[in-house]
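Peer 1: I would like to see how this sequence folds:
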Amino acid sequence: MFDTPILSKDINYDHVYDPAEDTFLLMDALESEHNNGKFSSDKTTISLEIGSGSGMISSFIIKHKIFGKNNFHLSSDINVLAVNETSKTINLNEHTSRYDTLLMSLLSNIKDKSLDYLVFNPPYVPSDEVPVLSSQDRLSVALEGGKDGMEITNILIHQLSKKLSENGCAYILFCASNKPLEYKEKINHEYNMDLIEKRKCGWEVLSIYRITRK
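Peer 2: As a prediction, the model looks like this:
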């Protein structure tokens with residue numbers, strides 16, 4: 001089992017997402033895919049984690065070369081404090097790999113068909129509306145996903161057809177309230193959606209799906 005990255009001791013979790021069960025489930029899914037030979041070890045690839053928060057998942061990807069030894073990894077967040085923490089966490093754990101951190105909303109600054117791998121632990125908690133990022137409240141945008149907790153995930157998946165490379169794939173986390181099986185049928189005409197990991201975490205049932213083009 002790959003070791004877990006270390007985090008800075010001074011992260012302000014009032015404004016940056018604290019790694020929790022969903023974080024570790026996603027890392028377990030990526031490790032499983034890596035160990036099963038899903039990722040090319042020789043091909044030059046580009047990966048992106050959206051919503052990097054503390055930087056734990058991106059550090060895990062980079063440190064253990066999850067997507068291969070020739071992977072260039074990008075980490076992004078709309079919260080500038082999270083971007084800064086991600087950079088610090090990566091530097092604490094890895095000093096030789098190629099990577100960059102971006103202040104960015106979803107896939108807004110990504111070139112068409114340039115991503116081979118995408119990782120997203122979205123704001124999946126159902127809420128009355130999607131919150132707006134503010135200096136007073138930077139955490140709600142990492143948690144609350146609007147109707148069925150799916151408004152942000154919906155936007156992201158609509159962007160995938162333009163941004164993923166022809167053989168690219170996305171690893172996205174869902175909770176039971178997101179109704180992932182219904183969503184799988186909804187996007188069936190355009191994407192394959194395969195379950196990788198599923199786990200009961202407290203009151204939540206969380207799952208990781210691999211999404212690829214038809």
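
Peer 1: C-alpha from now on. contacts and neighbour counts both.
Peer 2: Noted.

Peer 1: quick one: residues contacting the closest residue to Asn70 other than its chain neighbours.
Peer 2: Counting by Cα to Cα, 6 or more residues apart in numbering, Asn70 lies nearest to Thr44, which is 4.8 Å off, once chain neighbours are set aside. Contact analysis of Thr44 by Cα atoms under 8 Å, 6 or more residues apart in numbering lists 70-72.

Peer 1: repeat for Ser76
Peer 2: 48-52, 83, 101-106.

Peer 1: may I ask which of those has the most neighbours?
Peer 2: Ser52 (31 neighbours; other Cα atoms under 10 Å).

Peer 1: do you know how far that one is from Pro122?
Peer 2: Going from Ser52 to Pro122 by Cα to Cα, to the nearest Å gives 10 Å.

Peer 1: likewise for Gly53?
Peer 2: For Gly53, the distance to Pro122 - Cα to Cα - is 11 Å.

Peer 1: and Leu92, by the same measure?
Peer 2: 25 Å.

Peer 1: before we move on, the earlier item: quick one: which of the contacts of Ser76 sit in helices?
Peer 2: Val83 (DSSP state H).

Peer 1: can you list the contacts of Ser76 in a markdown table and add distance to Asn12 and pLDDT?
Peer 2: Output for the contacts of Ser76, formatted as a markdown table (distance: Cα to Cα, whole Å; pLDDT from 0 to 100):
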| residue | distance to Asn12 | pLDDT |
| --- | --- | --- |
| Leu48 | 24 | 98 |
| Glu49 | 21 | 98 |
| Ile50 | 20 | 98 |
| Gly51 | 16 | 98 |
| Ser52 | 15 | 98 |
| Val83 | 13 | 97 |
| Thr101 | 19 | 97 |
| Leu102 | 19 | 97 |
| Leu103 | 18 | 98 |
| Met104 | 20 | 96 |
| Ser105 | 21 | 96 |
| Leu106 | 23 | 97 |
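
Peer 1: which of Leu92 and Pro122 has more neighbours?
Peer 2: Taking other Cα under 10 Å, Leu92 and Pro122 do not tie; Pro122 has more neighbours (23 against 14).

Peer 1: against Ile61, how distant is Pro5?
Peer 2: Counting by Cα to Cα, the gap from Pro5 to Ile61 is 10 Å.

Peer 1: how about Arg210?
Peer 2: According to Cα to Cα, Arg210 and Ile61 sit 16 Å apart.

Peer 1: repeat for Leu156
Peer 2: In terms of Cα to Cα, Leu156 sits 21 Å off from Ile61.

Peer 1: got it, and Asp42?
Peer 2: For Asp42 relative to Ile61 (Cα to Cα), the value is 16 Å.

Peer 1: higher neighbour count, those two?
Peer 2: Neighbour totals were compared for Asp42 and Ile61, and Ile61 leads with 23 against 11 (other Cα under 10 Å).

Peer 1: contacting residues around the more buried one?
Peer 2: By Cα under 8 Å, 6+ apart, the neighbours of Ile61 are Phe67.

Peer 1: recalculate using a threshold of 10 Å.
Peer 2: Ile61 makes contact with 5, 27, 30-31, 47-49, 67-68, 71, 73, 90, 119 under the criterion Cα atoms under 10 Å, 6 or more residues apart in numbering.

Peer 1: great, nothing more from me.
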